[in-house]
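> Sequence and predicted structure are below.
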Amino acid sequence: MSNAVPENTDAAVVMRDVDKWYDSYHALTSINLTVARGEKIVVCGPSGSGKSTLIRCINQLETIRSGTITVDGIELTAGGDNVDKIRREVGMVFQQFNLFPHMTVLENCMLAPIKVRGVSKAEAEQTARRYLERVRIPEQAEKYPAQLSGGQQQRVAIARALCMNPKIMLFDEPTSALDPEMVNEVLDTMIDLAREGMTMLVVTHEMGFARKVADRVIFMDKGEIVEIGEPESFFSNPQNERTKTFLGQIAH
Amino acid sequence: MFRSFGPNEVLYIVSAVQWTLLLSAIAFAGGAVGGMAIALARVSTTKPLRYAALAFIRVFQGTPLLMQLFLVYFGLSIMGVGINLWVAAAAALTLHASAYLGEIWRGCIEAVPSGQSEASYALGLKYRDRMRYVVLPQAAKISVAPTVGFLVQLIKATSLTSIIGFVELTRAGQIINNATFQPLTVFSLVAAVYFILCWPLSMWARHLEGRFAVATTR
Ligand SMILES: Nc1ncnc2c1ncn2[C@@H]1O[C@H](COP(=O)(O)OP(=O)(O)O)[C@@H](O)[C@H]1O
Ligand SMILES: [Mg+2]
């Protein structure tokens, strides 16, 4: 760009002309997205449209071919140790929870703070218990993940990520693997988190959640951001045909 | 005349089991270190490392153990190290065990779901901590049964060192047989001793496998 407008240093995430390929498959096509601090973004779209790929690029679980990604003012460069810096600031919650099955809930929450942040065991335990309290399962601290329900496991996964004190949280279909009766306990935890001002990018088809907490909703299709808007207008008055079709499909 | 086959001969054979056990233990310990290195190299993101480990495995799995023994044994003597049966037998079996344990453990590491590594990356864990605290403990659980199974194979494989003249259980049997010429009695006894060593281990491996199967079915 010719005009020397400084980078939006206030942004939590800036993606500029990002392209991602899996070998010969073009998974993301010129993605441009700026997420402000404290903003909550919901990403929806059909299966295979690149939603997971998009948020996984932010913490470099996937490497991009071209473009730039800046997270919390830190620009990602291929092979640089910025990746480590960024991962410390970005928490992630997966569809399949991915808790460590051989560790107790407490140990799951303490590992990264001790090994990555270098905090003492006592401090890590205190932090872990505080976050387990916040996701409303303090009494499960000594159990193993397999002894918990899906909803409880996902709340542990959220607590585990929060123990690293991240500035940004990524959620990849956090309720898709859950039995219906457990979806709300996880969504409620996420709503609490949103109210506390966390920057969140959430891939989900829970449109009730989107209406309640999203500042903007993104619709993706075939690796592109097709439409982006505030929930009110996005749901009641979608501009793009593909968005309309998609919203029609998930409405019932 | 031949010697008769008496208690002294039995004692000679049975006490040779210590050398079989010691050689097995050395090869297993060496193979554990080598196998861990091979397994980690096989799952490394560094291509040359992966291929080097693969070549090592291919060579040692694709040639008879006896040839490996010969090559190490004669190789050492040609290099002027002198013929030391212990060094030759232990070295050849260690290389053999490294290749097999490396391949077994690679499979176990890869059997740990990729989500475990992804969660570790997302939490910012470095390679060392990810392996040490997340991946390897889970791989170890899967590996116990096949590793004990391989140990049984290794104990039996030590019998090949009798051919280069290393005195262990089989060689002790040959020595007694040469003196007594009672091959059926002698080698039945030798086989029985191997069986007593290996059978409980095999049973244990099968028991562990069963337990693992129960643990992994949901
Ligand atoms: N590791 C991978 N290797 C090759 N193709 C992949 C890989 N991961 C995802 N894809 C492909 O990229 C596309 C987008 O995937 P993804 O981001 O997971 O979609 P979504 O989360 O929207 O369902 C899909 O067509 C998928 O098959
Ligand atoms: Mg997905």
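Arrived safely. Ligands and ions are numbered 1, 2, ... in the order given.

> Show the contacting residues for A:Lys121.
By CB atoms under 8 Å, 6 or more residues apart in numbering or on different chains, the contact list for A:Lys121 reads A:Met110, A:Ile114. All C-beta atoms are positioned from the backbone trio N, CA, C, and that covers glycine.

> Am I right that A:Gly91 is in a helix?
No. Counting by DSSP: H, G, I helix; E, B strand; the rest coil, A:Gly91 falls outside a helix, being strand.

> Could you report the pLDDT at it?
A:Gly91 carries a pLDDT value of 98.

> same check, this time on B:Pro113
For B:Pro113, pLDDT reads 97.

> residues contacting A:Glu185?
Counted by CB under 8 Å, 6+ apart, A:Glu185 has contacts A:Arg136, A:Gly151, A:Arg155.

> Recalculate using a threshold of 10 Å.
Neighbouring residues of A:Glu185 by CB atoms under 10 Å, 6 or more residues apart in numbering or on different chains: A:Val135, A:Arg136, A:Ile137, A:Ser149, A:Gly150, A:Gly151, A:Gln152, A:Gln154, A:Arg155, A:Thr175, A:Leu178.

> Show me the residues you listed that map onto helices.
The helices, defined by DSSP state H, take in A:Gly150, A:Gly151, A:Gln152, A:Gln154, A:Arg155 from the contacts of A:Glu185.

> which stretches of the stretch 101-250 of chain A form strands?
Secondary structure of the stretch 101-250 of chain A (DSSP state E, counting those that start in this stretch): strands at A:168-172, A:199-203, A:216-221, A:224-229.

> which helix is the longest one in chain A?
Chain A, longest helix under DSSP H: helix A:180-195.

> Show me how far the lengthiest helix in chain B is from its chain's centre.
The single longest helix within chain B, with elements called by DSSP H, is helix B:183-216. Helix B:183-216 sits 15 Å away from the centroid of its parent chain (CA atoms, centre = their mean, to the nearest Å).

> Now do it: which elements does it pack against?
Contacts defined by 3 or more CB pairs under 10 Å, 6 or more residues apart in numbering or on different chains; DSSP states H and E place helix B:183-216 against helix B:7-15, helix B:17-42, helix B:136-157, helix B:169-180.

> okay if I get these as a markdown table plus distance to ligand 1 and mean pLDDT?
Output for the helices and strands packed on helix B:183-216, formatted as a markdown table (distance: least, CB to the nearest ligand atom, whole Å; pLDDT from 0 to 100):
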| stretch | distance to ligand 1 | mean pLDDT |
| --- | --- | --- |
| helix B:7-15 | 58 | 94 |
| helix B:17-42 | 20 | 98 |
| helix B:136-157 | 22 | 95 |
| helix B:169-180 | 51 | 95 |
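
> can you tell which of the ones you listed is closest to chain A?
Of all those, helix B:136-157 sits nearest to chain A, with 5.2 Å by CB to the nearest CB.

> list the helices and strands that closest one packs on?
Counting by 3+ CB pairs under 10 Å, 6+ apart, the packing neighbours recorded for helix B:136-157 are helix B:17-42, helix B:65-78, helix B:85-111, helix B:183-216.

> closest to A:Val217 out of those helices?
helix B:85-111 (38.4 Å; CB to CB).

> How about B:Ala32: what's its closest non-neighbour residue?
Nearest in space to B:Ala32, with sequence neighbours left out and distances taken as CB to CB, 6 or more residues apart in numbering or on different chains, is B:Leu101 at 6.4 Å.

> Which per-residue confidence value corresponds to the one you found?
The model reports B:Leu101 with a pLDDT of 98.

> Is it in contact with B:Leu95, as I believe?
No. Taking contacts as CB atoms under 10 Å, B:Leu101 lies outside contact range of B:Leu95: 11.0 Å.

> any chance of the helices and strands packed on helix B:183-216 in a markdown table, with mean neighbour count too?
Converted to a markdown table, those look like this (neighbours: other CB atoms under 10 Å in any protein chain shown):
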| stretch | mean neighbour count |
| --- | --- |
| helix B:7-15 | 14 |
| helix B:17-42 | 19 |
| helix B:136-157 | 19 |
| helix B:169-180 | 20 |
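
> on that earlier part again, out of the helices and strands packed on helix B:136-157, which is the most enclosed?
Sort these by mean neighbour count, taking mean count of other CB atoms under 10 Å in any protein chain shown, and helix B:85-111 sits at the top with a mean of 21.

> After it, heading C-terminal, what element do we hit next?
For helix B:85-111, the following helix or strand on the C-terminal side (DSSP states H and E) is helix B:114-122.

> list the buried ones in the helix or strand just after that next one?
Toward the C-terminal end, the helix or strand that comes next after helix B:114-122 (DSSP H and E) is helix B:127-129. Using 16 or more other CB atoms under 10 Å in any protein chain shown as the test for burial, helix B:127-129 gives B:Asp129.

> Helix B:127-129 near chain A at all?
Yes. Using CB under 10 Å from any CB of the partner chain, we find that helix B:127-129 touches chain A at B:Arg128, B:Asp129.

> residues shared between the contacts of B:Leu101 and B:Leu95?
B:Gly30, B:Gly31, B:Gly34.

> Contact partners for the first one?
Under the criterion of CB under 10 Å, 6+ apart, the neighbours of B:Gly30 are B:Ala90, B:Ala91, B:Leu93, B:Thr94, B:Leu95, B:His96, B:Ala97, B:Ser98, B:Leu101.

> Which residues of the stretch 51-200 of chain A lie near ligand 1?
A:Lys51, A:Ser52, A:Thr53 (CB under 6 Å from any ligand atom).

> same thing but at 8 Å, please
With CB under 8 Å from any ligand atom as the criterion, the stretch 51-200 of chain A meets ligand 1 at residues A:Lys51, A:Ser52, A:Thr53, A:Leu54, A:Arg56, A:Glu62, A:Asp172, A:Glu173.

> how much does the helix or strand hosting the fourth one deviate in direction from strand A:216-221?
Under the criterion of DSSP H and E, A:Leu54 resides in helix A:51-58. Relative orientation of helix A:51-58 and strand A:216-221, computed by axes from the mean of the first three to the mean of the last three CA atoms, to 10 degrees: 120 degrees.

> Can you name the next helix or strand after helix A:51-58?
strand A:66-71.
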